[in-house]
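[1] Here's my sequence, what's the structure:
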Amino acid sequence: MTAPAAPTHPAASKRPLSGNDIRTLVLSALGGALEFYDFIIFVYFVTVLGKLFFPPEIPLWLVQLQAFGIFAAGYLARPLGGIIMAHFGDKAGRKRMFTLSIFLMALSTLGISFLPSYASIGYAAPVLLLAMRVLQGAAIGGEVPGAWVFVSEHVPSRHVGLACGILTCGLTSGILLGSLVATAINTVFTQQDIVAYAWRIPFLLGGVFGFTSVYLRRWLQETPVFKEMKARRELAAELPLKVVLHRHTPAVIISMLVTWLLTAAIVVVILMTPALFQTRHAIPAPMTLEANSVATFFLSVGCVLAGALCDRFGGGRVLAVGSVFLGAASYALYTVIGPRPDLLIPLYGLAGLSVGVIGTVPYIMVRAFPSAVAFTGVSFSYNVSYAIFGGLTPLFVTLALQIDPLAHAHYLVAISVMGVAIGLFLAATGRSPAAAGAQARA
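    This is a model prediction of the structure:
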């Protein structure tokens, strides 16, 4: 049995981006940035939350472990939330689930801002915090894949890469926004004020941001692709997840592997590196955070650049070349900074730009599955892979550093080699993963 055709676009592929396309991209990217801010702001205040939501008599290491465990629960909840929302996104429409995801994120983030502490309600406090974090994870699990599918089905086919790159730029900008808000809170308020009340401010802002995005998404329209499938009665008759697993296994495998690359680059280069430089090279925290903001900015630029290049050269070629850049730039960052800390900002900025290769990931994934199950295929592959590798990467790298001082660099080089191999495979076949899988089954 051959696979259905890859996603189609009703609008002529040669037409330029219209005003409506641009509005859709802007609103989607803005909503994605604000929702990702809501998801990531937790990590910047995890130490404070640990002190407030757990018994004060337990050891500090156990408090931190439990707090990070609640943070990790958000990742573990992503697959379930993503699969459920994707199922209804393929059945009932992209826009409804796209809006529901950000509503759930806004509600849970606002809920955290009003939670009473352990001193007020005892063990109910960490239980409620865990519940809010799980709801955040379920929401982000539907948001990211849904957003990629949503914008890719709105724009002309020759601009899918640019659209996905802009949207991914929006998501990474949410990380930058979280970093800036956390820096501002720690600058304006004393540590006593933060513990007393100021920790609630970033979560309150997140709730306001989220509900603002819910309102803005009222102006978005259902995708032309979904409307056409509904009119022609081409929606998946079977359970979408069953179709994806039984008929599109090669697409799932490739999508999970490129998500692994995305996860490794984001977690190691953007999220773990500031702490690694502080502990291993004694670089002051303000300097590492400043450099991290620069790297995140260039990451956002790199996402747009990678997406635009995919439209011109294809996802496989851009992934292969970008992976070489990622391996070289990250290796240079981690080997040079020890003796030359004065080069931190330029080298970290260059490494951040190289992480922009992740802009190829949504382009490859949305083209990997036919439209009838695109939301489910992207969501399942992305969220399961992210849950596994997003949770294991920090643990693996931390343990490996006890044996190899450059374990983080070597890990990224190995992941980059995998990226080159996948990119060359896609470039050599000249096909999307869906088409390659269909050829293998024929």
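[2] Show me where this protein dips below the pLDDT cut-off.
    1-19, 60-61, 63-65, 68, 85-96, 98, 217, 219-238, 430-442 (pLDDT under 70).
[3] the domain parsing of it - what is it?
    16-235, 238-442 (automatic domain parsing).
[4] So residue 306 sits against residue 355, correct?
    No. Using C-beta atoms under 8 Å, residue 306 is not in contact with residue 355; the gap is 9.7 Å. Backbone N, C-alpha and C define where each C-beta goes, glycine included.
[5] thinking again about what came up before, can you redo the domains of the chain as TSV with mean neighbour count?
    TSV is the format used below for the domains of the chain (neighbours: other C-beta atoms under 10 Å):
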stretch	mean neighbour count
domain 16-235	20
domain 238-442	21
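[6] What is the helix or strand residue 295 falls within packed up against?
    In the assignment (DSSP states H and E), residue 295 maps to helix 285-313. In terms of contacts (3 or more C-beta pairs under 8 Å, 6 or more residues apart in numbering; DSSP states H and E), helix 285-313 is packed against helix 160-188, helix 273-281, helix 315-336, helix 344-355, helix 360-366.
[7] how far does that helix sit from the chain's center?
    Centroid separation between helix 285-313 and its chain, computed with C-alpha atoms, centre = their mean, to the nearest Å, is 14 Å.
[8] now it and helix 315-336, what's the angle there?
    Angle, helix 285-313 to helix 315-336, by axes from the mean of the first three to the mean of the last three C-alpha atoms, to 10 degrees: 160 degrees.
[9] hang on, the earlier thing: the helices and strands packed on helix 285-313 into TSV, with extra columns for distance to residue 420?
    Output for these, formatted as TSV (distance: least, C-beta to C-beta, whole Å):
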stretch	distance to residue 420
helix 160-188	19
helix 273-281	22
helix 315-336	5
helix 344-355	13
helix 360-366	12
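[10] who wins for proximity to residue 386 among these?
    helix 360-366 (10.8 Å; C-beta to C-beta).
[11] Which other helices and strands does that closest one contact?
    By 3+ C-beta pairs under 8 Å, 6+ apart, helix 360-366 packs against helix 124-152, helix 160-188, helix 249-264, helix 285-313, helix 315-336, helix 374-400.
[12] Can I get those in CSV including distance to residue 67?
    Below are those laid out as CSV (distance: least, C-beta to C-beta, whole Å):
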stretch, distance to residue 67
helix 124-152, 9
helix 160-188, 15
helix 249-264, 21
helix 285-313, 19
helix 315-336, 27
helix 374-400, 14
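[13] ok, the closest residue to residue 44 other than its chain neighbours - contacts?
    Counting by C-beta to C-beta, 6 or more residues apart in numbering, residue 44 lies nearest to residue 182, which is 3.7 Å off, once chain neighbours are set aside. Residues near residue 182 by C-beta atoms under 8 Å, 6 or more residues apart in numbering: 41, 44-45, 202.
[14] Would you check that my belief about residue 251 contacting residue 378 is correct?
    No. When contacts are counted by C-beta under 8 Å, residue 251 is not listed as touching residue 378 (9.5 Å).
[15] which neighbours do the two share?
    368-369.
[16] circling back: of the helices and strands packed on helix 360-366, which is nearest residue 408?
    helix 374-400 (5.2 Å).
[17] The closest one packs against which elements?
    helix 60-76, helix 78-92, helix 124-152, helix 240-247, helix 249-264, helix 360-366, helix 407-429.
[18] could those be laid out in CSV, adding distance to residue 291?
    Conversion of those to CSV gives the following (distance: least, C-beta to C-beta, whole Å):
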stretch, distance to residue 291
helix 60-76, 23
helix 78-92, 29
helix 124-152, 26
helix 240-247, 40
helix 249-264, 20
helix 360-366, 25
helix 407-429, 16
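[19] Which one of the ones you listed lies nearest to residue 346?
    That would be helix 407-429 among these, by C-beta to C-beta, at 17.5 Å.
[20] quick one: the closest one to helix 249-264, angle?
    Using the same axes, to 10 degrees: helix 407-429 against helix 249-264 is 150 degrees.
[21] Can you tell me which helices and strands helix 407-429 packs against?
    Using 3+ C-beta pairs under 8 Å, 6+ apart: helix 407-429 touches helix 249-264, helix 315-336, helix 374-400, helix 433-441.
[22] CA atoms of it as CSV?
    Only the C-alpha atoms of helix 407-429 are listed here, as CSV (Å, rounded to 0.1, in the frame of the first residue of the first chain):
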residue,chain,number,x,y,z
ALA,A,407,31.3,15.4,27.1
HIS,A,408,28.9,18.1,26.2
ALA,A,409,31.0,19.1,23.1
HIS,A,410,31.4,15.5,22.0
TYR,A,411,27.7,14.8,22.5
LEU,A,412,26.8,17.7,20.2
VAL,A,413,29.4,16.6,17.6
ALA,A,414,27.9,13.1,17.6
ILE,A,415,24.4,14.5,17.2
SER,A,416,25.6,16.8,14.4
VAL,A,417,27.0,13.7,12.5
MET,A,418,23.6,12.1,12.8
GLY,A,419,22.1,15.4,11.4
VAL,A,420,24.5,15.3,8.4
ALA,A,421,23.6,11.6,7.7
ILE,A,422,19.8,12.3,7.8
GLY,A,423,20.3,15.5,5.7
LEU,A,424,22.3,13.6,3.0
PHE,A,425,19.8,10.8,2.9
LEU,A,426,16.9,13.2,2.3
ALA,A,427,18.9,15.2,-0.2
ALA,A,428,20.0,12.0,-2.1
THR,A,429,16.4,10.7,-2.3
